[in-house]
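Colleague: Starting from these lines, generate the structure:
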Amino acid sequence: MARLTLNSMMPIFKKVLLFKGLSDEQLRKIIGIMHLKDIKNNELITREGANDDSLFILLKGEVEISKSVFMLFWGEEMGHQEKSLIHLSEKDYAFFGEMALFEDEPQRSASIKALKPCTLAVIEKTDLLKILNKDAAIGSIIYKNIATELTRRLVKANKDVMKLTTAFSLALEGD
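Modeller: Numbers count the residues shown, from 1 in each chain. Model prediction:
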């Protein structure tokens with residue numbers, strides 16, 4: 001299989017929601033600050049709580065996003081496990097790590113692990129912010145796209161919370 005290059009990835013990047021509405025010229029500016037990173041099967045891409053501010057675009061492979069779940073009893077931790085939240089593949093044209101753009105000292109809100117060998121396009125926060133601050137049109141589009149994605153994720157999370165709350169209420173009533 002031919003090695004991926006950033007320039008050959010323009011058709012894929014056009015399908016990533018993060019870049020929706022950018023012209024080819026604007027997208028090329030963003031591609032110019034990216035670098036590719038290959039990730040091995042079962043390798044951790046980022047860990048929940050890590051201080052990291054890179055943004056990732058999944059080009060090849062499959063990842064699992066998970067969060068730590070702690071069981072507390074009277075304020076003492078009784079157990080800990082990772083809860084898988086979502087699986088993403090290259091077919092999703094997924095990006096993640098965008099929340100780090102909005103914090104001065106970002107900490108990852110979840111862990112991300114490769115379920116298959118992956119290729120990621122990586123954008124460093126400082127490089128992206130330079131472009132977004134220089135070119136208001138690109139900044140407006142990128143921030144709108146991030147807000148759209150975060151809104152979609154929040155709506156899903158709210159539905160999940162309601163399902164869990166309902167299930168918990170029903171379980172308590174059954175006692």
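Colleague: Quick one: end-to-end distance for stretch 97-112.
Modeller: End-to-end distance for stretch 97-112: 10 Å, by CA to CA, to the nearest Å.
Colleague: What's the mean pLDDT across it?
Modeller: Taken as a whole, stretch 97-112 has a mean pLDDT of 89.
Colleague: next one: that stretch to chain centre, how far?
Modeller: The chain centre lies 9 Å from the centre of stretch 97-112; the measure is CA atoms, centre = their mean, to the nearest Å.
Colleague: Tell me the buried residues in that stretch?
Modeller: By 16 or more other CB atoms under 10 Å, the buried positions in stretch 97-112 come out as 97-101, 106, 108, 110-112. Using the backbone N, CA and C atoms, a C-beta is placed for each residue, glycine as well.
Colleague: Among those, which are located in strands?
Modeller: Counting by DSSP state E, the part of the buried residues of stretch 97-112 found in strands is 111-112.
Colleague: which regions of this structure sit below the pLDDT cut-off?
Modeller: 1-6, 70-80, 174-175 (pLDDT under 70).
Colleague: and if we set it to 90?
Modeller: Along the chain, segments meeting pLDDT under 90 span 1-9, 66-86, 99-109, 150-175.
Colleague: Tell me which residues touch the most centrally placed residue in the chain, please.
Modeller: Nearest to the mean C-alpha position of the chain, by CA atoms, centre = their mean, lies residue 96 at 1.5 Å. For residue 96, the contact set (CB atoms under 8 Å, 6 or more residues apart in numbering) comprises 55-56, 58, 63, 65, 88, 112.
Colleague: Grab the longest helix from this structure for me.
Modeller: helix 136-173 (DSSP state H).
Colleague: Kindly reformat the buried residues of stretch 97-112 as a markdown table containing distance to residue 8.
Modeller: As requested, those are exported to a markdown table (distance: CB to CB, whole Å):
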| residue | distance to residue 8 |
| --- | --- |
| 97 | 23 |
| 98 | 24 |
| 99 | 29 |
| 100 | 27 |
| 101 | 26 |
| 106 | 31 |
| 108 | 30 |
| 110 | 30 |
| 111 | 30 |
| 112 | 25 |
